[in-house]
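> Mind looking at a prediction? Sequence and model below.
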Amino acid sequence: MSKAGEIRVLALGLIRDGERIFVSEGYDPAKQSTFYRALGGGVDFGETSLIALKREFQEEIQAELTNIRYLGCIENLFIFNGRQGHEIIQLYQCDFADSKFYQLESLFFSESPNHKHRALWINIERFKSGELTLVPTEFFNYL
């Protein structure tokens, strides 16, 4: 998590397979609500967002990416756990190099020792209908 008053730069990968996308599940304790977002993570000083994207997928779920294409930049202002957040998201469209990832129902990964996350395939219609929450909402422009 970023410190107060800090803007985070993220590289996220939008992976689509027909009518479903691969997302990570998050939970906001203050709102007591579950949300979903594309996988990826923070860009470190001195690395490009493309390199960060590849590194994050490798670190988090041991996945190689292929067919990587830059989609655009999203500026995301939000409240998480009662605190203001600000992110600049470099969004990429990509595919998994290994087809085994398309067969998975879901998988668990760790961002840090005490943070377990679930990544899973979800039908886009479930987000569009409002049944599930996809963040940031600008994401819909790329689906």
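Perfect, I can see it now. Nothing here was measured: the structure is a model prediction, and the numbers come from that model.
> Tell me how many other residues surround E64.
Counted by other C-beta atoms under 10 Å, the residues lying close to E64 total 13. All C-beta spots, glycine's among them, are computed from the backbone N, C-alpha and C.
> right, and it touches D98 too?
Yes: at 6.5 Å, E64 counts as touching D98 under the criterion of C-beta atoms under 8 Å.
> can you pull the contacts of A63?
Applying C-beta atoms under 8 Å, 6 or more residues apart in numbering to A63 gives the contacts F57, F96, A97, D98, F101.
> quick one, longest strand in this protein?
Ranked by residue count and defined by DSSP state E, the top strand of the chain is strand 65-80.
> Which strands or helices does the helix or strand following that strand pack on?
Per DSSP states H and E, the first helix or strand lying C-terminal to strand 65-80 is strand 83-96. In terms of contacts (3 or more C-beta pairs under 8 Å, 6 or more residues apart in numbering; DSSP states H and E), strand 83-96 is packed against strand 8-17, helix 49-61, strand 65-80.
> and if we set it to 6 Å?
strand 8-17, strand 65-80 (3 or more C-beta pairs under 6 Å, 6 or more residues apart in numbering; DSSP states H and E).
> Strand partners (parallel or antiparallel) of the last one?
Read that as strand 65-80. strand 83-96 (antiparallel) (DSSP bridges).
> As PDB, could you dump the C-alpha coordinates of the strand it pairs with?
Taking Å, rounded to 0.1, in the frame of the first residue of the first chain, the C-alpha atoms of strand 83-96 are listed here in PDB:
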ATOM      1  CA  ARG A  83      -8.200   6.300   2.900                       C
ATOM      2  CA  GLN A  84      -7.700   8.300  -0.300                       C
ATOM      3  CA  GLY A  85      -5.700   6.600  -2.900                       C
ATOM      4  CA  HIS A  86      -4.200   7.800  -6.200                       C
ATOM      5  CA  GLU A  87      -2.900   5.600  -9.000                       C
ATOM      6  CA  ILE A  88      -1.600   6.000 -12.500                       C
ATOM      7  CA  ILE A  89      -2.300   2.800 -14.300                       C
ATOM      8  CA  GLN A  90      -0.300   1.700 -17.400                       C
ATOM      9  CA  LEU A  91      -2.700  -0.800 -18.900                       C
ATOM     10  CA  TYR A  92      -1.600  -3.600 -21.200                       C
ATOM     11  CA  GLN A  93      -3.500  -6.200 -23.100                       C
ATOM     12  CA  CYS A  94      -1.700  -9.600 -23.000                       C
ATOM     13  CA  ASP A  95      -2.000 -13.300 -23.100                       C
ATOM     14  CA  PHE A  96      -0.600 -16.100 -21.100                       C
END
